[in-house]
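> Let's see this in three dimensions:
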Amino acid sequence: MPTIKDALDIIGKLTVAEQESLKTMLLSPAFVKSLNIEDFVAKERFVQMVVYALFVVVFMWFVTVIVKTVRSDMYARIVASPS
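Below is the predicted model of the structure:
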């Protein structure tokens with residue numbers, strides 16, 4: 001995962017004109033206004049909840065398959081065992 005140091009290293013490799021252009025863009029009212037941290041966090045939480053729900057569904061399906069397999073195997077052993 002990139003770190004702040006990585007970003008600063010990339011910015012340090014820019015020319016002075018490029019650094020000024022980047023600074024102007026980042027500080028422009030239109031760019032700042034477009035940043036909506038609350039929306040970003042809400043979207044990220046939604047994505048994490050969807051991934052978690054999918055994990056739970058797959059896990060429960062897996063457990064169900066295992067339980068059915070074990071039950072059918074136990075049933076086959078009981079039926080096949082000599083009495």
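> Outside of stretch 8-25 itself, list whatever touches it.
residue 31 (CB atoms under 8 Å, 6 or more residues apart in numbering). Glycine gets a C-beta too; all of them are placed from N, C-alpha and C.
> Keeping just the C-alphas, turn that stretch into CSV.
Taking Å, rounded to 0.1, in the frame of the first residue of the first chain, the C-alpha atoms of stretch 8-25 are listed here in CSV:
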residue,chain,number,x,y,z
LEU,A,8,6.0,13.0,-1.3
ASP,A,9,8.8,11.2,-3.2
ILE,A,10,6.7,11.4,-6.4
ILE,A,11,5.9,15.0,-5.8
GLY,A,12,9.6,15.7,-5.1
LYS,A,13,10.5,14.3,-8.6
LEU,A,14,8.2,16.9,-10.3
THR,A,15,9.5,20.1,-11.8
VAL,A,16,8.8,23.3,-9.9
ALA,A,17,6.2,24.2,-12.5
GLU,A,18,4.5,20.9,-12.1
GLN,A,19,4.6,21.2,-8.3
GLU,A,20,3.0,24.7,-8.6
SER,A,21,0.3,23.3,-11.0
LEU,A,22,-0.5,20.5,-8.6
LYS,A,23,-0.7,22.9,-5.7
THR,A,24,-3.0,25.2,-7.6
MET,A,25,-5.3,22.2,-8.5
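> Show me what counts as buried in it.
Residues of stretch 8-25 classed as buried: none (neighbour count, 16 or more other CB atoms under 10 Å).
> what mean pLDDT would you report for it?
For stretch 8-25, mean pLDDT is 85.
> Distance from the chain centre to that stretch, please.
Centroid separation between stretch 8-25 and its chain, computed with CA atoms, centre = their mean, to the nearest Å, is 30 Å.
> can you point me to the longest helix in the protein?
The longest helix of the chain (DSSP state H) is helix 37-80.
> Now do residue 11 against residue 21, distance only.
11 Å (CB to CB, to the nearest Å).
> Residue 36 too?
24 Å.
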